[in-house]
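Chemist: Sequence first, then the predicted structure, then my questions.
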Amino acid sequence: MKIGKRILCMLLAVIMTCSMGLAVNSMEAEAAAKKVSVAKYVRCGVGVENYTSTSVSMPGKDDNIKNIKVYEGKKTTKNLVVKQTYRGGGAYSSLATLTMYAKKKGTYKIKFDVYKSKTSKRSSHTITVCAKRNGGGVLKTVTIDNKKIYDADNHDPNPNTMAGGYYTTAKSGKVKFTLNEGYKITKIEIYASKNKKFKNGSKVTFERAKNTSDSTSWSKPMFGTNRFVIHYTDKKNGTTGMTAFWILRK
């Protein structure tokens, strides 16, 4: 009989422990759901035309952003212009957008508070912003046979360079891409008549224009198109993406 009572007590203790564990997990999940989600690091460009935006996801339907301040070092600054450009509320949560551009390159910090109501603050947040003259873009330079054909900080290093591409009469060349600080190339692909992977810095034969025709139409392109798609990882925030560059053969 005593053994039976002991077993019963042990079972009750196990059940209570499991229940407490479930309650703690539930509380932790609820607390996590009530956190504000915002990027810790953002890139932007210099000049109004190079603005960028970032989202702030807030757990309360009545949440609002207040007290936006911008710092350069320890002092407030007007060299980074920030404005809340959107706020939308749902049944249980809300979303805001901060849009920004820099007047000069540098590293800035945006600090702001999220309020549950007019007087009740939920949390405070900081976003580090890296502003560069080339718009905070991914692609830094492109070279063919060690000759620079594109430079993000010098938009016209070669008379044959256009926005996002380059004209050449060469049959082939060693093509190399470099990305801005904080980005890492994961793979590069070439899209031409035969799509294939490309090893950065290796030699490639540039596609020539090809004429096509049928019974009702014909096509005689002026250039052969070689589109390089560079896949990358942003090491600062772990995001991935891709950018493209064209080499057109005359």
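Modeler: Thanks, I have the structure now.
Chemist: which residues sit in contact with residue 131?
Modeler: 43, 44, 45, 46, 80, 102, 104, 105, 106, 107, 108 (CB atoms under 8 Å, 6 or more residues apart in numbering). In short, each C-beta sits where N, CA and C put it, glycine included.
Chemist: For the residue lying closest to residue 87 once chain neighbours are set aside, pull up the helix or strand it's in.
Modeler: Nearest residue to residue 87 in three dimensions, chain neighbours excluded: residue 96, at 4.7 Å (CB to CB, 6 or more residues apart in numbering). Per DSSP states H and E: residue 96 is located in strand 94-102.
Chemist: quick one on the thing from earlier: okay, now the residue nearest to residue 87: neighbour count?
Modeler: 22 (other CB atoms under 10 Å).
Chemist: give the contact list for it.
Modeler: 55, 56, 58, 64, 65, 84, 86, 87, 88.
Chemist: Buried residues in the strand holding residue 96, which are they?
Modeler: Neighbour-count burial for strand 94-102 flags 94, 96, 98, 100, 101, 102 (criterion: 16 or more other CB atoms under 10 Å).
Chemist: What of stretch 165-174?
Modeler: Under 16+ other CB under 10 Å, the buried positions of stretch 165-174 are 165, 166, 167, 168, 173.
Chemist: how about these in TSV, adding secondary structure?
Modeler: Compiled in TSV, the buried residues of stretch 165-174 are given as follows (DSSP: H, G, I helix; E, B strand; the rest coil):
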residue	secondary structure
165	strand
166	strand
167	strand
168	strand
173	strand
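Chemist: wait, which of the residues you listed is closest to residue 213?
Modeler: Within the buried residues of stretch 165-174, proximity to residue 213 (CB to CB) peaks at residue 167, which comes in at 25.1 Å.
Chemist: List the beta-bridge partners for the closest one.
Modeler: Beta-bridge partners recorded for residue 167 (DSSP bridges): residue 248.
Chemist: Show me the shaky parts of the protein.
Modeler: Scanning the chain for pLDDT under 70 picks out the ranges 1-33, 133-136, 154-164, 193.
Chemist: The spatially most central residue of it: what's it in contact with?
Modeler: In the chain, the residue lying closest to the centroid (CA atoms, centre = their mean) is residue 239, at 5.6 Å. Residues in contact with residue 239 (CB under 8 Å, 6+ apart) are residue 233.
Chemist: coming back round to it: out of the buried residues of stretch 165-174, who's nearest residue 208?
Modeler: residue 168 (11.0 Å).
Chemist: was I right about that closest one contacting residue 206?
Modeler: Yes - counting by CB atoms under 8 Å, residue 206 is a contact partner of residue 168 at 6.5 Å.
Chemist: Now the closest residue to residue 90 other than its chain neighbours: phi and psi?
Modeler: Of all residues not flanking residue 90 in the chain, residue 61 sits nearest, at 6.1 Å (CB to CB, 6+ apart). The phi/psi pair for residue 61 (degrees, to the nearest 10) reads phi -70, psi -20.
Chemist: Now for residue 61: which residues touch it?
Modeler: Residue 61 sits next to 89, 90, 91, 92, 93, 94 when contact means CB under 8 Å, 6+ apart.
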